[in-house]
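Participant: just need the structure, nothing else, for what follows:
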Amino acid sequence: MVGLKVFSSSFNDGEMIPDKFTCDGENVSPAISWGELPPGVKSLALICDDPDAPSGDFVHCVVYNIPANINGFKENAEISDIADLGMTDYGRGGYGGPCPPSGVHHYHFKVYALNEMIETEKALDKYDLLDRMEGHILAKGEIVGLYKRR
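Facilitator: Numbers count the residues shown, from 1 in each chain. Okay, the predicted model is just below:
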């Protein structure tokens with residue numbers, strides 16, 4: 001598996017996520033994009049989670065079957081028009097922004113380049129998606145944003 005460069009025009013890696021993208025602001029999804037893909041990529045997947053959550057891991061976004069010709073999403077993108085939305089720990093598809101109960105939390109936006117499309121008849125959660133992707137990941141990368149409520 002090769003590394004994949006992931007970046008955002010909404011925040012810098014290892015820095016604070018602006019309120020706009022959290023429950024303290026507009027709660028819209030940040031811009032996320034990625035670099036050149038290796039040969040053989042058929043689709044991409046995006047998972048955002050918070051391993052600092054009291055429950056151990058809180059999933060904020062699950063997207064899969066992103067077409068390989070897409071190189072990212074703008075802020076507040078209508079992703080469901082081009083890809084499949086998985087289930088978050090908010091109990092729905094789409095993006096749910098950071099809203100930590102206390103302290104600084106780390107939000108990992110992970111992008112996976114896959115050699116196949118994910119066939120399913122129901123919305124997958126993070127763990128089902130990771131199981132389905134096993135053995136099909138050609139490249140992976142991430143960007144980490146931080147957030148602490150006021």
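
Participant: can you give me the buried ones in the host helix or strand of His108?
Facilitator: Counting by DSSP states H and E, the element that carries His108 is strand 105-114. Within strand 105-114, the residues that qualify as buried are His105, Tyr107, His108, Phe109, Lys110, Val111, Tyr112, Ala113, Leu114, counting by 16 or more other C-beta atoms under 10 Å. In short, each C-beta sits where N, CA and C put it, glycine included.

Participant: could those residues go into CSV alongside distance to Asn65 and pLDDT?
Facilitator: Shown next, in CSV, are the buried residues of strand 105-114 (distance: C-beta to C-beta, whole Å; pLDDT from 0 to 100):
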residue, distance to Asn65, pLDDT
His105, 28, 98
Tyr107, 23, 98
His108, 21, 98
Phe109, 17, 98
Lys110, 16, 98
Val111, 13, 98
Tyr112, 12, 98
Ala113, 13, 98
Leu114, 9, 98
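
Participant: of all these, which comes closest to Thr22?
Facilitator: Thr22 lies nearest to Tyr107 out of the buried residues of strand 105-114, by C-beta to C-beta, at 9.3 Å.

Participant: circling back: closest to Gly145 out of the buried residues of strand 105-114?
Facilitator: Among the buried residues of strand 105-114, Tyr107 lies closest to Gly145 (C-beta to C-beta), at 4.7 Å.

Participant: wait, the closest one touches Pro51, no?
Facilitator: No: Tyr107 is beyond contact range of Pro51, at 9.3 Å (criterion: C-beta atoms under 8 Å).
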